[in-house]
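Novice: fold the following, please.
(chains A and B)
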Amino acid sequence: MGTEMRYPRGHYAWGEREVSGHVALFGGVYNNYLALAALLDDAPSRASEIYCLGDVGAFGPHPDRSIGILREAGVPIVQGNYDRSVGMRRGDCTCGYTDPRDNHFAALSYAYTLRNTSERNKDFLATLPDHIRFRCPRGKRILLCHGSPRRQNEFLWESMSPDPFLARLLGDAQCDILAVTHTGIPWKRHLSDGRLVVNVGAIGRPANDGKRHVWYAVLDLSGEAPDATFIPLRYDHERLAYEMRAERIAEPFVETVETGWWTTCMEILPARERAKGMY
Amino acid sequence: MNAPDCPFLGLDSLWIQVTGLSCNLRCVHCFNTSGPGNREFPFLTREEVRSILDQAEGVGVRDVVFTGGEPFLHPDMAEIAGDTLSRFPATILTNGTLLAERIVDRLADAGRDSTYSLEVRISLDASSEEENDRIRGKGSFEMAMAGVARLEKAGFLPIVTSVQFQEENSRTELEAFESLLRSRGIRKPRVKFLPLFRIGREEKRSGGYGENERITTEMLELLDPEQFLCSTVRVATSRGVWVCPILVNEPDGRMGSTLEDSFRVFPLAYGACSTCFRHGAVCANAAMAIREE
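Specialist: Predicted coordinates:
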């Protein structure tokens, strides 16, 4: 029932595995298998490990292609709300829009992904973990999740996440470095005590900035103070747009791929993030 | 019958009732009976708000919402917003009728250097002047629209909120609001519908809630508790901390004098709680992503 998406406090199993050096983090694939392939070409030169923070499906074409690439490459994946919904064969993506037009478009892309994901891949998405934890050599505890540590579909926007609130989230989740995705716009914040929050953005669509490239993040755990760098990722967006149209995916989604501006589901954007976009 | 308790999950949104229930309008449906001459709660001073913000920082609040009454009756509202925005995202709920250019400019200055969003929500209860003014008072439509236009000019993206008097909000109504806003030069219209709470002045108008409109334990089991505003919200007033912005006229809604006093469960014993149950915690700017089958 309704409480499934809220994670119980302190349920995190401690990953004992130690990770050092550079770690590539990405999320929000949204079926964009072309960007995913570009990422898997680009990231190994920058990082020794790669993790996906979830939402493999959405409005891009051919969902099984992205899942297939991830499975073949053996990339560890944190479950996103979309993955959970598809895995559980739910009726909607649990994005929680209230605007009837947002719901209309969200329902179209969700129905497409649900219809075009194989049963075997749905089962795979259902088994994904809701978080991944590891440690770095100086003992710092790192938590990877999709929305927030407490809720799979909570949006952590830069302009809506004050430091004391982030400190509370990190304290409750017992971590020093938190990485999330879900909003689609990358940002990072160093708390005054050295703890770090990173929203890795999305590789499935541009960040509402009028550019065609997408973003992922590389976490640098080699120094005294951990940091993150955002990497712009180019891919064949013209081919993606062509394939989306061939699959009869709704035109506003194709427009975003071609222009870099978000066109639908704008109601979730806070004022500051909304002001930066075209619509 | 005993009302079930709503758990308290942590303070995400702190509402601050900065001008008590004092308002320059007297809307026919006002759930907290705000109006000219309502002196139930004295104004909070800028200093008092600062000390509330200190408490908020200590407990890791996510955002601050200013309400009333009408917040812009406070002579220091823009400065209070500035004090807040250096630490938190903020939202101001206003009727929009007092937004002189001078005030809007001070507000824009207050938010300019902040990392955080400042949302201004303007109440308008119909997209037609005649219907709105019947509810909110003669002249309120044009005054609010002038406020919206001044905010737009100063670079804000105001959210127009409208109470829905019919059960279902329709796409047509949404489009009527958007075309109204576009016709007034608003480039990115943002519209949010709110449910009607049948308490306060509205109770006298439409008869309030029936005895059977109450939350039962079985109903609570169907929901994520976050559906109820009182699981993540509290309201600071000049007379202490209340459980939620809707129940400020209920003496039992007062939960203590400090924020931490108020961090406990609350019995969902009121008719208004059934509106929260049906519509979710809709008072937030964007509805929280909650509903599952």
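Novice: rest of the way, CA atoms for contacts and neighbours
Specialist: Will do.
Novice: so what does the helix or strand bottoming out on mean pLDDT in chain A touch, helix or strand wise?
Specialist: Least confident helix or strand, chain A: helix A:100-116 with a mean of 91, by mean pLDDT, DSSP states H and E. Identification of packing neighbours for helix A:100-116 by 3 or more Cα pairs under 8 Å, 6 or more residues apart in numbering or on different chains; DSSP states H and E yields helix A:63-73.
Novice: is the helix or strand just after the helix it packs on anywhere near chain B?
Specialist: The helix or strand immediately downstream of helix A:63-73 is helix A:81-87, counting by DSSP states H and E. No. Applying Cα under 8 Å from any Cα of the partner chain, one finds helix A:81-87 separated from chain B by no less than 9.6 Å.
Novice: coming back round to it: whichever helix or strand comes after the least confident helix or strand of chain A: which residues count as buried?
Specialist: Using DSSP H and E, the next helix or strand after helix A:100-116 towards the C-terminus is helix A:119-126. Across helix A:119-126, burial judged by 16 or more other Cα atoms under 10 Å in any protein chain shown covers A:Asn121, A:Lys122, A:Asp123, A:Phe124, A:Leu125, A:Ala126.
Novice: of all the residues you listed, which comes closest to chain B?
Specialist: Taking Cα to the nearest Cα as the measure, chain B sits nearest to A:Ala126 out of those, at 16.0 Å.
Novice: B:Ala176: which element?
Specialist: Assignment of secondary structure by DSSP H and E places B:Ala176 within helix B:171-183.
Novice: ok and the very next helix or strand once past that helix relative to helix B:171-183, angle-wise?
Specialist: Once helix B:171-183 ends, the next helix or strand along the chain (criterion: DSSP H and E) is strand B:190-195. Orientation of strand B:190-195 against helix B:171-183 (axes from the mean of the first three to the mean of the last three Cα atoms, to 10 degrees) gives an angle of 140 degrees.
Novice: just the pLDDT for A:Glu267.
Specialist: On the pLDDT scale, A:Glu267 is placed at 87.
Novice: and what of B:Glu168?
Specialist: pLDDT for B:Glu168: 61.
Novice: and A:Gly2, by the same measure?
Specialist: On the pLDDT scale, A:Gly2 is placed at 39.
Novice: ditto for A:Gly10
Specialist: You'll see A:Gly10 listed with a pLDDT of 46.
Novice: what does B:Asp54 give?
Specialist: pLDDT recorded at B:Asp54 is 98.
Novice: residues in contact with stretch A:59-78: which ones?
Specialist: Contacts to stretch A:59-78, defined as Cα atoms under 8 Å, 6 or more residues apart in numbering or on different chains, come from residues A:29-33, A:36-37, A:50-54, A:56-57, A:109-110, A:112-113, A:116-118, A:121, A:128-132, A:144-146, A:204, A:240, A:243-244, A:247, A:249, A:253.
Novice: recalculate using a threshold of 7 Å.
Specialist: A:30-33, A:50-54, A:56-57, A:109, A:113, A:116-118, A:128-132, A:145-146, A:243-244, A:247, A:253 (Cα atoms under 7 Å, 6 or more residues apart in numbering or on different chains).
Novice: quick one: the least confident helix or strand of chain A to helix A:63-73, angle?
Specialist: 60 degrees.
Novice: you'd agree A:Arg168 is up against B:Gly58?
Specialist: No. The pair A:Arg168 and B:Gly58 fails to qualify as a contact (Cα atoms under 7 Å) at a distance of 9.4 Å.
Novice: higher neighbour count, the two?
Specialist: Counting neighbours by other Cα atoms under 10 Å in any protein chain shown for A:Arg168 and for B:Gly58 shows that A:Arg168 has the greater number, 17 against 14.
Novice: can you tell me the SS state at the more buried one?
Specialist: Three-state assignment for A:Arg168 (DSSP: H, G, I helix; E, B strand; the rest coil): helix.
Novice: for A:Tyr216, what are phi and psi?
Specialist: phi -140, psi 180 (degrees, to the nearest 10).
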